[in-house]
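[1] Quick one: sequence and predicted model below, then my questions.
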Amino acid sequence: SYWLQASIYQVALHRYLKLRLPNYDINTHLGAVEYAFLRGMSPKHDTRGKLVKQFDSAFILALDDMFGYPNDH
């Protein structure tokens, strides 16, 4: 399930950006996920072999909360 894998990566990136960027805002700084399936790509079709998914920020925040934090920090 690519959506599940992508959402876990989004949570990890969200946590990283929250630590590293001053004034981090999930709606401004966290973009979409893009998969490129090389075998499916074609120079004749720009969108073939690509999957782009923009997750709702509320979903990423809820998933982040559900995962919890080591040592509650």
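    Arrived safely, thanks for sending.
[2] Remind me which helix or strand the residue most central in space within the chain belongs to.
    Centroid-nearest residue in the chain, with Cα atoms, centre = their mean: residue 10, separated by 2.8 Å. Assigned by DSSP states H and E, residue 10 belongs to helix 2-20.
[3] For the helix or strand following that helix, buried residues please.
    For helix 2-20, the succeeding helix or strand toward the C-terminus, using DSSP H and E, is helix 26-29. Judged by neighbour count using 16 or more other Cβ atoms under 10 Å, the buried positions of helix 26-29 are residue 26. Just so you know, the C-beta spots here come from the backbone N, C-alpha and C atoms, and that holds for glycine as well.
[4] Pull the residues that contact helix 26-29.
    Here helix 26-29 makes contact (Cβ atoms under 8 Å, 6 or more residues apart in numbering) with 14, 17, 21, 57, 60, 61.
[5] where does that helix sit relative to the chain's centre, distance-wise?
    Relative to its chain's centre, helix 26-29 lies at 11 Å (Cα atoms, centre = their mean, to the nearest Å).
[6] about what we covered before: hey, C-alpha coordinates of the helix holding residue 10 in CSV?
    C-alpha atoms of helix 2-20 as CSV (Å, rounded to 0.1, in the frame of the first residue of the first chain):
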residue,chain,number,x,y,z
TYR,A,2,1.9,3.0,-1.3
TRP,A,3,-0.4,5.5,0.5
LEU,A,4,0.5,4.0,3.9
GLN,A,5,4.2,4.0,3.2
ALA,A,6,3.9,7.6,1.9
SER,A,7,2.0,8.7,5.0
ILE,A,8,4.6,7.3,7.3
TYR,A,9,7.3,9.1,5.4
GLN,A,10,5.3,12.3,5.6
VAL,A,11,5.1,12.0,9.4
ALA,A,12,8.9,11.4,9.6
LEU,A,13,9.5,14.5,7.4
HIS,A,14,7.0,16.5,9.4
ARG,A,15,8.9,15.7,12.6
TYR,A,16,12.2,16.5,11.0
LEU,A,17,11.0,19.8,9.6
LYS,A,18,9.4,20.7,12.9
LEU,A,19,12.8,20.3,14.6
ARG,A,20,14.9,22.0,11.9
